[in-house]
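3D model of this:
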Amino acid sequence: MRRFTTLFCCLLVLAFSAAPVEAARTKHDSATVKNVVKHKIRHKVRLKTKHTNPQRIIRTIRASKNYHAPAQQPEAVFAASTAGSLQLASSKALIVNQETGETLYAKGTDIPTPIASITKLMTAMVMLDMHLPMEEMLSVSDADVDTLKNTTSRLRVGTELSRAEMLKLALMSSENRAASALARTTPIGMAAFIAAMNRKAAELGMKNSHFADPTGLNSENISTAEDLVKMVKAAYSYPDIRTVTTTASYDVPIHGLRRLVEFRNTNVLVRNGTWDIGLSKTGYISEAGRCLVMQAQIAAQPLIIVLLDSYGKNTRIGDAQRIKKWMQSGSEWAKRRLS
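So this is what the prediction gives:
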């Protein structure tokens, strides 16, 4: 009995002595679990923050009733713009008053650069200078298919259109096959036609320009913003070019199709009806970026606008809208100052 009592007492001593150790271990494990949970929560927050779309945040802020964008006074806009603070995304840009020749904005104006389908304005002038019958029917052939850039076209081989219709598609919708057909079917042939384009450029004083094909697909078609102002001025003197480049859309019959096919102006500003545009031409190849030249009436001024090497699809249009707002803000400021 005494031996059993002694054993029982030893067991009790061992149990009480182990309790603090177990409690400490439990406390340690609980703390470890809490630290792991905290770490995971922080990790998830970091991941969520890392992948958050900043544009979504901006839209959310602007949607809040507590957000108010600071209003800019017209006087402040014009005062800043007169200091040359108009910011355009196009790499090369030039704005000139068509009547006075005054330069209102200039950036990289003397840098030669590929001009893509802006080339087609020169193609049109050289062709029109030949005074060929505009009602004559021309046919799209395999020779007009682009083998340089392998671009596609809705103008199928075998399609027959009048020279006037080919001109319209070449300028309005920037159809490469139409531009090629216009040059190829002239009495002098393609090679001589390209030589005539370069002679015309020299006559216009375009000293830093060179043309290698009538479509603009060849990146060796180069010019400067300064030279293109001269070309746009010259093109504006052709009524056919003014009419065609400011046409919003045109339906034509295509070989092999029963229904007419609609071709639209590549300049959305011509189609939206809020601009007074007298001439327009867009252009794009990867070497040239997005390009746009226009003659437009803004704030009672006839302007020639040249925008070259815009990196984004809508950048050149955005730049044109900024120019319009800039000019109109300045006009309003001037009126208030004189009143």
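
Which pLDDT value belongs to Met134?
At Met134, the model reports a pLDDT of 98.

what about the strands in this structure?
92-97, 103-107, 113-114, 137-139, 160-162, 222-223, 249-253, 260-264, 277-285, 289-298, 301-310 (DSSP state E).

any chance of those in a markdown table, plus distance to Gly189?
The way it works is simple: take the backbone N, C-alpha and C, and place the C-beta from them, glycine included. Formatted as a markdown table, the strands of the chain follow (distance: least, C-beta to C-beta, whole Å):
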| stretch | distance to Gly189 |
| --- | --- |
| strand 92-97 | 33 |
| strand 103-107 | 39 |
| strand 113-114 | 25 |
| strand 137-139 | 14 |
| strand 160-162 | 20 |
| strand 222-223 | 23 |
| strand 249-253 | 26 |
| strand 260-264 | 27 |
| strand 277-285 | 25 |
| strand 289-298 | 28 |
| strand 301-310 | 30 |
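
I'd like to know which of these lies nearest to Glu203.
When these are compared by C-beta to C-beta, strand 222-223 sits nearest Glu203, at 14.6 Å.

what distance separates the closest one from the middle of the whole chain?
19 Å (C-alpha atoms, centre = their mean, to the nearest Å).

sorry, back to before: need the strands of the chain in a markdown table with mean neighbour count, can you?
Shown next, in a markdown table, are the strands of the chain (neighbours: other C-beta atoms under 10 Å):
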| stretch | mean neighbour count |
| --- | --- |
| strand 92-97 | 22 |
| strand 103-107 | 17 |
| strand 113-114 | 22 |
| strand 137-139 | 16 |
| strand 160-162 | 16 |
| strand 222-223 | 22 |
| strand 249-253 | 14 |
| strand 260-264 | 14 |
| strand 277-285 | 23 |
| strand 289-298 | 23 |
| strand 301-310 | 24 |
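
gap between Gly256 and Gly158?
Using C-beta to C-beta, to the nearest Å, Gly256 is found at 7 Å from Gly158.

and the two? which has more neighbours close in?
Using other C-beta atoms under 10 Å, the more surrounded residue of Gly256 and Gly158 is Gly158, with 12 against 8.

looking at it, the more buried one is touching Pro253, isn't it?
No. Counting by C-beta atoms under 8 Å, Gly158 does not reach Pro253; the two are 11.5 Å apart.

quick revisit: of all the strands of the chain, which one comes closest to Asp319?
strand 301-310 (5.3 Å).

quick one: the closest one to strand 289-298, angle?
Relative orientation of strand 301-310 versus strand 289-298 (axes from the mean of the first three to the mean of the last three C-alpha atoms, to 10 degrees): 170 degrees.

Can you tell me which helices and strands strand 301-310 packs against?
Judged by 3 or more C-beta pairs under 8 Å, 6 or more residues apart in numbering; DSSP states H and E, strand 301-310 is in contact with strand 92-97, helix 225-236, strand 289-298, helix 315-338.

send the alpha carbons of the third one over as CSV?
Translated: strand 289-298. Only the C-alpha atoms of strand 289-298 are listed here, as CSV (Å, rounded to 0.1, in the frame of the first residue of the first chain):
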residue,chain,number,x,y,z
GLY,A,289,3.4,55.4,-87.6
ARG,A,290,0.0,57.0,-87.8
CYS,A,291,-0.1,60.1,-90.0
LEU,A,292,-2.7,62.8,-90.8
VAL,A,293,-2.7,65.9,-92.9
MET,A,294,-5.6,68.3,-93.2
GLN,A,295,-6.8,71.6,-94.3
ALA,A,296,-9.4,72.8,-91.9
GLN,A,297,-11.2,76.0,-90.8
ILE,A,298,-10.8,76.5,-87.1
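
now for that strand, which elements pack on it?
Taking 3+ C-beta pairs under 8 Å, 6+ apart as the contact cut, strand 289-298 packs with helix 225-236, strand 277-285, strand 301-310, helix 315-338.
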